[in-house]
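[1] after the sequence you'll find the predicted model.
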There are 2 protein chains.
Amino acid sequence: MPSSTLNTVIEDLKGIVGERWVITQRELMESYLRDETPDPVRPKPAENLVLVKPSSTEEVSLILKIANDRRIPVFPVGGRTGLVGGSVPTEPGIILSLERMNRIEVDRDNLMAVAEAGATLGELIKAAEDAGLFFPPHPGDEGAQIGGLIATNAGGARAIKYGVMRNYVRGLEVVLPTSEVLWLGGKTLKNNVGYDLMQLIIGSEGTLCVITKAVIRLFPKSKYMVTLVIPFNKRSDALKSVPAILRSGVMPLAVEYVQINEVLEAARHLNESWPVQRGFAQLIIILDGMSQEEVLGACEEISKICEANNALDIFLAETSEEQSRILRIRSNIYTALKPNMVDILDVTVPPSRLEELMDEVDAIGSKYGVYLPAYGHAGDGNLHVHIMKDAGNEHVAKKIKDEIYEEAIRLGGTITGEHGLGKIRLENLQMVLSEKHLDLLRSIKRVFDPNNILNPRGL
Amino acid sequence: MPSSTLNTVIEDLKGIVGERWVITQRELMESYLRDETPDPVRPKPAENLVLVKPSSTEEVSLILKIANDRRIPVFPVGGRTGLVGGSVPTEPGIILSLERMNRIEVDRDNLMAVAEAGATLGELIKAAEDAGLFFPPHPGDEGAQIGGLIATNAGGARAIKYGVMRNYVRGLEVVLPTSEVLWLGGKTLKNNVGYDLMQLIIGSEGTLCVITKAVIRLFPKSKYMVTLVIPFNKRSDALKSVPAILRSGVMPLAVEYVQINEVLEAARHLNESWPVQRGFAQLIIILDGMSQEEVLGACEEISKICEANNALDIFLAETSEEQSRILRIRSNIYTALKPNMVDILDVTVPPSRLEELMDEVDAIGSKYGVYLPAYGHAGDGNLHVHIMKDAGNEHVAKKIKDEIYEEAIRLGGTITGEHGLGKIRLENLQMVLSEKHLDLLRSIKRVFDPNNILNPRGL
């Protein structure tokens, strides 16, 4: 697109949203040009861009109409906390931020929230709490926005008991690239009216439509919550405990696997202290329930299983400060490692194959003479392996990545469990999807977006 | 299609599946020509049909190749327990039954089953139990087949705690109408690789592809289960209790609402006795948990709430015989009413609006001078209203249906929560979906099935 084409719509955009909400100076849009993807693999933003901040669904629709009529790419962005460059505007066009659309209404009778797409995860968590309810998942940074969480089907640690974002979404208001507004689902818990476009849109990464509003299921506030940290000398003992726990009938909110190097590094990074200093491999388990007896009963069951698998200790955090500290340190492993990181992988295997995958990752690391820090959502079989700068050049990093992908696929898994494809995982898509499968995806894209204006990424 | 076209493929079909598995005599395919839809509204099957029973995915693919090449309609059928004529073969063509493909393998380490599409719900429940695990939902008749349960995204009573079929499906093997075999998802709990075709196919009612195999999530066996029957004099007291229960933190498997006339009629029909003889409106609540204390604690919480809302009694069934009897009587309301029934509706509203919907249904009944028996999944806001033969002619029945649909939509609900569109709900689709929405559905159908051979139904 010649830059003159974009310039001609700037006045129109100002007419729709008001002059104040159309930003053309590069220095004022810097933070919209990137997400949390590590620098070495993050795609480069295009040069000629305009940032627009609508305040209503009608404005979103008018913007898309102009863009579609003139074939101008539109890049919807949320909180830019993604890890695969999904929202980076890689072609000249319009960056569409819904940050001004951030209202949240909680419906206590139906245990649901109606949230505009620009509301943040932090705001949703707080709105639920203020209404005496609970939004269980915690998919990373609380600056993430509802639209982005849904567009990426975000997962995170607390996905064992109630599942990933998909399980929370009951209704969506969306604007198609051709400017029509659709309402899908609603405040209903069951809805079988035709192909479920809502489900298709969840996880479509801003390529099929712009999500403007969502109905999100909430849960009763847990009356009691504890966090366990359980150290083991051997990884196999830690990981062997996980299926046994899940089979026992205990239903934790989260079962995380970490290794001591990384949690200690994250604690140092935050200048905090990690509660358990011994044990190479550690499980972090979050449990909630209606009563202290129920939760402590579950803790006892877990202790029994882990002790039978040679756990060195069972550390129990009961105060909310201590539990928050543990979650904060765990959540900051990525931040602590990031300066020296080339890429963060998101391979996922059947939970029972996680140990095998980790052993293979170690073998690949040894082969290339590098350390590959890894930790993950053990209950989900979702492992985040980090390729660090000691891998040397880009070529080696890519070989390491490809070999890890091959192992994950061999074990019945896939290349991305929660981060999505974004723009940097497309090159590996043919490892997991057949040509016919890719054809179907391309045809669906064309059905929704005949002119390929919405977050174009060359699938 | 002229009948000669179909005749030319019969030899080919015999070549694929063996002579024994190609049935052309009408009297041997009678039960494949209908489902459980009440007679007065069930669509009529076509005359010229052939029934084929493949034994493998490869055979399914070969059959579809022939059908697609020669433009012959194919009607995949499961256990024919649907209530909207979805599997009725309404055009001359091939009836495809996967009943011979019924293997089930349970993977205890991953708490999953891999089931072929022709396995029945009853077989899956048993296989899970034999492995010490649990398949929680109970969407109606146990003769339903896995392929059909997924193709219709079946719901049922026990959908509160763990959700409808969609929430259990982790992987699918499907054959496209153009004969390619796709594997979607797998034994993974998280999978964000491109648009989620698996989610699109769940609930697509055999119109996008033929499901041949599924990976299904199982849960630990509940250690303790009870069923409560709670009578109230007034509907409003019963229904007011439901959101309060769900907000309390208790998470029942099921919360059912019934009225005394219908349960007593179902009990008479089965020659059994219903445990609670008083109270016009009754709640049936199924609770499970890890320990007796946990479950009895939940019962106490529920009792407190219901007593505050004028419950007349709290009846607690603890033995598995008594609990099965209650579930059996509840499940047979439909069967008991069926001989005098014109149609069973499946409207769904936000749970908090259920009382209003029921009052409106009563008002519509009074207006037309008919009794409209209704009961439903109260925790889901999913109400089954029955139009009986006392409505007189077809024209009146249709008016009653349309008015109930209008009320459900006015209350933020929809025309079908779990039964789906099948072939008899299409005529009301424009009440809930916009023309653009319908266009998207039609385009998606064309992407998967360019020659419209698979369960054609004229959307």
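    That came in fine, so what should we check first?

[2] from here on, contacts and neighbour counts on C-alpha atoms
    Will do.

[3] which element, helix or strand, includes A:Ile95?
    Secondary-structure element containing A:Ile95, defined by DSSP states H and E: strand A:93-97.

[4] how about the CA coordinates for that strand, as CSV?
    Output in CSV follows, covering the C-alpha atoms of strand A:93-97 (Å, rounded to 0.1, in the frame of the first residue of the first chain):
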residue,chain,number,x,y,z
GLY,A,93,-2.0,0.3,8.0
ILE,A,94,-4.1,1.0,11.0
ILE,A,95,-3.4,-0.1,14.6
LEU,A,96,-6.8,-0.5,16.4
SER,A,97,-6.7,-0.2,20.2
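
[5] that one - contacts with which helices or strands?
    Strand A:93-97 is packed against strand A:49-52, strand A:74-77, with contacts defined by 3 or more C-alpha pairs under 8 Å, 6 or more residues apart in numbering or on different chains; DSSP states H and E.

[6] in JSON lines, list these along with mean neighbour count, mean pLDDT and distance to chain B.
    Below are the helices and strands packed on strand A:93-97 laid out as JSON lines (neighbours: other C-alpha atoms under 10 Å in any protein chain shown; pLDDT from 0 to 100; distance: least, C-alpha to the nearest C-alpha, whole Å):
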{"stretch": "strand A:49-52", "mean neighbour count": "25", "mean pLDDT": "98", "distance to chain B": "26"}
{"stretch": "strand A:74-77", "mean neighbour count": "28", "mean pLDDT": "98", "distance to chain B": "17"}
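
[7] and the helix or strand just after the strand holding A:Ile95, what does it pack onto?
    Tracing the chain past strand A:93-97, the next element assigned as helix or strand by DSSP H and E is strand A:104-107. Applying 3+ C-alpha pairs under 8 Å, 6+ apart, one finds that strand A:104-107 contacts strand A:112-116, helix A:121-130.

[8] what mean pLDDT does strand A:104-107 have?
    In this model, strand A:104-107 carries a mean pLDDT of 98.

[9] what's that strand in contact with?
    Identification of contacts with strand A:104-107 by C-alpha atoms under 8 Å, 6 or more residues apart in numbering or on different chains yields A:Met112, A:Ala113, A:Val114, A:Ala115, A:Glu116, A:Ala119, A:Leu124, A:Ala127, A:Ala128, A:Ala131.

[10] tell me which two in these are the farthest apart.
    Using C-alpha to C-alpha, the pair of these lying farthest apart is A:Glu116 and A:Ala131, separated by 17.4 Å.

[11] the more surrounded of those two?
    Between A:Glu116 and A:Ala131, counting by other C-alpha atoms under 10 Å in any protein chain shown, A:Glu116 is the more crowded of the two (27 against 15).

[12] and that one, what does it touch?
    Neighbours of A:Glu116 in contact, by C-alpha under 8 Å, 6+ apart: A:Met101, A:Asn102, A:Arg103, A:Ile104, A:Ile146, A:Gly147, A:Thr212, A:Lys213, A:Ala214.

[13] now list the buried members of those residues.
    Neighbour-count burial (16 or more other C-alpha atoms under 10 Å in any protein chain shown) applied to the contacts of A:Glu116 gives A:Met101, A:Asn102, A:Arg103, A:Ile104, A:Ile146, A:Gly147, A:Thr212, A:Lys213, A:Ala214.

[14] what is the nearest of the residues you listed to chain B?
    Closest approach between the buried ones among the contacts of A:Glu116 and chain B, by C-alpha to the nearest C-alpha: A:Ala214, at 14.4 Å.

[15] redo the helices and strands packed on strand A:93-97 as TSV? Include distance to A:Ala336.
    As requested, those are exported to TSV (distance: least, C-alpha to C-alpha, whole Å):
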stretch	distance to A:Ala336
strand A:49-52	31
strand A:74-77	25
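
[16] re earlier: can you tell me the strand partners of the strand holding A:Ile95 and which way each runs?
    Under the criterion DSSP bridges, strand A:93-97 sits next to strand A:49-52 (parallel), strand A:74-77 (parallel) in its sheet.

[17] got the contact list for A:Gly171?
    Contacts of A:Gly171 by C-alpha under 8 Å, 6+ apart are A:Trp183, A:Leu184, A:Gly185, A:Gly186, A:Lys187, A:Thr188, A:Met198, A:Ala214, A:Val215, A:Ile216.

[18] tell me which of these fall in helices.
    The helices, defined by DSSP state H, take in A:Met198 from the contacts of A:Gly171.

[19] most surrounded residue in the contacts of A:Gly171?
    In the contacts of A:Gly171, the most neighbours by other C-alpha under 10 Å go to A:Lys187, 30 neighbours.

[20] not counting sequence-adjacent ones, nearest residue to it?
    For A:Lys187, ignoring the flanking residues on the chain, the nearest one in space by C-alpha to C-alpha, 6 or more residues apart in numbering or on different chains is B:Pro350 at 5.1 Å.

[21] what does that neighbour show for phi and psi?
    When quoted as degrees, to the nearest 10, the phi and psi of B:Pro350 stand at phi -50, psi 130.

[22] state the distance from it to A:Gln282.
    Look at B:Pro350 and A:Gln282: by C-alpha to C-alpha, to the nearest Å, they are 43 Å apart.

[23] neighbour count for these two, which is higher?
    Neighbours of B:Pro350 and A:Gln282, each counted by other C-alpha under 10 Å, are more numerous for A:Gln282; the result is 28 against 24.

[24] check the secondary structure at the more buried one for me.
    With DSSP: H, G, I helix; E, B strand; the rest coil as the basis, A:Gln282 sits in strand.

[25] what does A:Asp362 give?
    A:Asp362 ends up helix, using three-state DSSP.
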